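A.B. asks: Okay, here's the prediction I keep looking at, along with the sequence it came from:
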Amino acid sequence: MRRLAGLLVVPLLLLSTAACGDSGSDSADTKAEMKNGVPAITKGAKFGETPTLAKGEGQPPKELKVETISEGTGPALKKGDVAQVNYLGQVWDGTEPFDQSFGKGKPFEVTIGAGAVIKGWDQGLEGRKVGSRLELVIPPDLGYGEKGSPPKIKGGATLVFVVDIVKGTSIPASAAGKEVPQGDKALPQIGTNTDGKEVSVAVPKDAEPPAKLVSNYVLEGDGPAVKDSDSVVVKFHGKTWKDDKTFESTYALDQTVTWPIGDISVKGLKEGLVGKKVGSRILLVIPPDQGFGDKQQGTIPANSTLVFSLDILTVM
């Protein structure tokens, strides 16, 4: 089924290939050429500037190539970190970008090693320092493969990216707050393990689901309250009440999801998160009128009550 994260704004590197306008730069032009086996940056070469890339010459490399244009002084990114980056993407034999985040006023967020973006990004960013500008040359098998991503990226295309690593945030494996008694046996019971592994969600048998939204602490953290302007990094285990069946669990995949609160389209999910403390694990029970209503979503039947165990790991 479509992952719940896909109910939000789809990250550009997952699907979108729409070209964006270049905001320009004050750097001087340089001769268009190859440099160290990668296309030269002909304009906007410094970290933070909107770059312009030369067209690749000759045959592109068959392996991933990562060229450090300038190295930052921040910590190296490791698997599980959330990186905020700006980027420009262009095909090897192209002269115009197919996508970029420069000039949009907000960096793109990616969880390192989570498999949420093309493989060349996961492999190329891991181990690189915050504050660095990189140029990635990504072969088709680590990009969009033989199918490409029409209309801008043809099948078998080699991709070239200029990437500025603006920020990196280490993410806890689990919520780790104070345990709150779960005294209402008419509500689902949530596991309290803090080892980062799967968290159990037990829906009570023969019980009627609540008609109103439930958002209760299971583990109460001591971080700031989530605001509707935040982006939250979470892990969750989601079930449907009626059949006590899991429709998605990021705990099981050992992955996190980043949700801009303002972009969440599921009303109960948004309202259940706002006001809760960072570092907490919460129980969410979302009635149909605050969930997907009378529309089926993948394996989630229409008119389903949704149940979540959800760890609020950090805000971006």
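C.D. replies: Nice, I can see it. Residues are numbered from 1 along each chain as shown.
A.B. asks: CA only for contacts and neighbour counts going forward, please
C.D. replies: Noted.
A.B. asks: ok, which stretches of the stretch 201-316 of the chain are strands?
C.D. replies: Ranges of strands within the stretch 201-316 of the chain are 201-202, 214-220, 231-240, 245-249, 257-260, 281-286, 306-315, based on DSSP state E, counting those that start in this stretch.
A.B. asks: among those, which is the most enclosed?
C.D. replies: Neighbour counts (mean count of other Cα atoms under 10 Å) averaged over each of the strands of the stretch 201-316 of the chain peak at strand 281-286, with a mean of 28.
A.B. asks: how far does it sit from the chain's center?
C.D. replies: Centre-to-centre, strand 281-286 and its host chain are 21 Å apart (Cα atoms, centre = their mean, to the nearest Å).
A.B. asks: who does that strand touch, helix- and strand-wise?
C.D. replies: Judged by 3 or more Cα pairs under 8 Å, 6 or more residues apart in numbering; DSSP states H and E, strand 281-286 is in contact with strand 214-220, helix 267-273, strand 306-315.
A.B. asks: Could you check how many residues crowd around L136?
C.D. replies: Residues near L136, counting by other Cα atoms under 10 Å, number 23.
A.B. asks: what's the answer for A83, then?
C.D. replies: A83 has 24 nearby residues by other Cα under 10 Å.
A.B. asks: what's it in contact with, if anything?
C.D. replies: By Cα atoms under 8 Å, 6 or more residues apart in numbering, the contact list for A83 reads 77, 109-112, 165-169.
A.B. asks: What are the boundaries of the helices in this protein?
C.D. replies: 119-125, 250-253, 267-273 (DSSP state H).
A.B. asks: least reliable of those helices going by mean pLDDT?
C.D. replies: Among the helices of the chain, helix 250-253 carries the lowest mean pLDDT, at a mean of 89.
A.B. asks: I would like the residues contacting that one, please.
C.D. replies: For helix 250-253, with Cα under 8 Å, 6+ apart as the criterion, the contacting residues are 196-199, 235-237, 256-257.
A.B. asks: looking at the helices and strands packed on strand 281-286, which is closest to R128?
C.D. replies: strand 306-315 (21.7 Å; Cα to Cα).
A.B. asks: what are the C-alpha coordinates of the closest one, in PDB please?
C.D. replies: C-alpha atoms of strand 306-315 as PDB (Å, rounded to 0.1, in the frame of the first residue of the first chain):
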ATOM      1  CA  LEU A 306      -6.900   4.100  13.000                       C
ATOM      2  CA  VAL A 307      -4.700   3.200  16.000                       C
ATOM      3  CA  PHE A 308      -1.100   4.400  16.300                       C
ATOM      4  CA  SER A 309       1.800   4.000  18.600                       C
ATOM      5  CA  LEU A 310       3.900   7.000  17.700                       C
ATOM      6  CA  ASP A 311       7.300   8.200  19.000                       C
ATOM      7  CA  ILE A 312       8.000  11.900  18.600                       C
ATOM      8  CA  LEU A 313      11.800  11.700  18.400                       C
ATOM      9  CA  THR A 314      12.700  15.300  17.500                       C
ATOM     10  CA  VAL A 315      11.600  18.400  15.700                       C
END
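A.B. asks: give the contact list for the residue lying closest to I153 once chain neighbours are set aside.
C.D. replies: Counting by Cα to Cα, 6 or more residues apart in numbering, I153 lies nearest to V91, which is 7.1 Å off, once chain neighbours are set aside. The contact partners of V91, taken as Cα under 8 Å, 6+ apart, are 97-98, 153, 157-160.
A.B. asks: mind redoing it with 10 Å?
C.D. replies: By Cα atoms under 10 Å, 6 or more residues apart in numbering, the contact set of V91 is 55-56, 97-98, 137-138, 152-154, 157-161.
A.B. asks: Just list whatever residues bridge to it.
C.D. replies: L159 (DSSP bridges).
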